[in-house]
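Asker: only geometry, no sequence info:
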Ligand SMILES: NC(=O)c1ccc[n+]([C@@H]2O[C@H](COP(=O)([O-])OP(=O)(O)OC[C@H]3O[C@@H](n4cnc5c(N)ncnc54)[C@H](OP(=O)(O)O)[C@@H]3O)[C@@H](O)[C@H]2O)c1
């Protein structure tokens, strides 16, 4: 494994296993994305609702790295699902990104009404067939949402992006996705930074001469989960990418997994607050 390691999605598209998340990166998004690309990242995770697609697009362009070498994910927000404006939403995202296509387009959050999720997803399938995105997926879908979607969708989602970190591994959803051939991506992989001071991982970190965040990112990768840690700080962006020169033993993986206290960093998908 190295920074160019990819996971092959169920439609054959390859996604880099490590990406940079830019939720709440705000005005620092541009410099964060430039720093990540300089450090070798080739995968950026944004969303319409993060209001930083334009900065992501400019950073990609200014890097002069060919577009096809960079994997861009963006997401469809609930308002555009409810108002049935899916093609317009992706068109707006692409305009802001200044790109002809996105690599992965996700439903950001399920709506309570399963028919609405199906309806949006069928529109997304058309966008896939028109080459506006290379892969489709969902985010924050529980197994029941995926089952409901399967009742009306033509295609299985390639990805389900869910909260997963040592304090809330979300194992049952991960296992469900693995059984169905849906790749899982971990959001808030560092529990929004809360794992950084986890004393139970200090010994492991010193053993490998790594930091606790590096141990946790490695744990995600060894579970076969795509991981998108966010930082706006160049040193941390670099630090988070130096996770390919050591390997956690089985018992050490279990030590990280044992931190599970079923405590989320974000909302439960069934809270439907949007
Ligand atoms: N689909 C969804 O509903 C959803 C929801 C949440 C997030 N996401 C995606 O997942 C990405 C990651 O999740 P997240 O942003 O919630 O949280 P996260 O990646 O778990 O943690 C980010 C926090 O950790 C800090 N941090 C990062 N690396 C560090 C290091 N090496 N040492 C110390 N602190 C470090 C960051 O601070 P600094 O920035 O100051 O370094 C930031 O405060 C998001 O950016 C977004 O792309 C998706």
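Answerer: Received, thanks. As the structure is a computational prediction, the values presented were derived from the model and not from experiment. Numbering: from 1, shown residues only.

Asker: and the closest residue to residue 264 other than its chain neighbours, bridged to which residues?
Answerer: Counting by C-beta to C-beta, 6 or more residues apart in numbering, residue 168 is the residue found nearest to residue 264 once chain neighbours are left out, at 5.1 Å. In short, each C-beta sits where N, CA and C put it, glycine included. The residues paired with residue 168 through beta bridges, assigned by DSSP bridges, are residue 165.

Asker: which SS state does residue 261 fall under?
Answerer: Secondary structure for residue 261, judged by DSSP: H, G, I helix; E, B strand; the rest coil, is coil.

Asker: on the pLDDT front, check it for me.
Answerer: pLDDT for residue 261: 97.

Asker: quick one: the residue nearest to residue 264 from the ligand, how far?
Answerer: Distance, residue 168 to the ligand, by C-beta to the nearest ligand atom, to the nearest Å: 11 Å.

Asker: contacting residues for that residue?
Answerer: Listed by C-beta atoms under 8 Å, 6 or more residues apart in numbering, the contact partners of residue 168 are 191, 260-265.

Asker: now do the buried residues in stretch 63-72.
Answerer: Of the residues in stretch 63-72, those with enough neighbours to count as buried (16 or more other C-beta atoms under 10 Å) are 63, 67, 70-72.

Asker: ok, stretch 20-27 next?
Answerer: Buried residues in stretch 20-27, counting neighbours by 16+ other C-beta under 10 Å, are found at 20-23, 25.

Asker: who in this protein is up against the ligand?
Answerer: Proximity of the chain to the ligand is confined to 21-23, 45, 108, 139-140, 161, 187-193, 196, 213, 228-233, 236, 239-240, 266 under the rule C-beta under 6 Å from any ligand atom.

Asker: related to what we said a few turns ago, what is the nearest of the buried residues of stretch 20-27 to the ligand?
Answerer: Closest to the ligand out of the buried residues of stretch 20-27 is residue 21 (2.4 Å), distances taken as C-beta to the nearest ligand atom.

Asker: for stretch 249-263, what is the distance to the chain centroid?
Answerer: In terms of C-alpha atoms, centre = their mean, to the nearest Å, the centre of stretch 249-263 is set 21 Å apart from its chain centre.

Asker: hang on, I meant stretch 247-266
Answerer: In terms of C-alpha atoms, centre = their mean, the centre of stretch 247-266 is set 19 Å apart from its chain centre.

Asker: contacts for it, please.
Answerer: Everything outside stretch 247-266 that qualifies as a contact, by C-beta under 8 Å, 6+ apart, is 163, 165-169, 171, 187-188, 191-192, 194-195, 198, 200-201, 204, 215-216, 218-219, 222-223.

Asker: which of these count as buried?
Answerer: Among the contacts of stretch 247-266, those classed as buried by neighbour count (16+ other C-beta under 10 Å) are 163, 165-169, 187-188, 191-192, 195, 198, 201, 204, 215-216, 218-219, 222-223.

Asker: sort out for me which of the residues you listed are in helices.
Answerer: If you go by DSSP state H, the buried ones among the contacts of stretch 247-266 have 204, 215-216, 218-219, 222 in helices.

Asker: could I get those as CSV with pLDDT and distance to residue 132?
Answerer: CSV is the format used below for these (pLDDT from 0 to 100; distance: C-beta to C-beta, whole Å):
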residue, pLDDT, distance to residue 132
204, 97, 43
215, 98, 38
216, 98, 34
218, 98, 34
219, 98, 35
222, 98, 34
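
Asker: save those residues as JSON lines, and put in distance to residue 91 too.
Answerer: What follows is those, written out as JSON lines (distance: C-beta to C-beta, whole Å):
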{"residue": "204", "distance to residue 91": "47"}
{"residue": "215", "distance to residue 91": "41"}
{"residue": "216", "distance to residue 91": "37"}
{"residue": "218", "distance to residue 91": "38"}
{"residue": "219", "distance to residue 91": "38"}
{"residue": "222", "distance to residue 91": "39"}
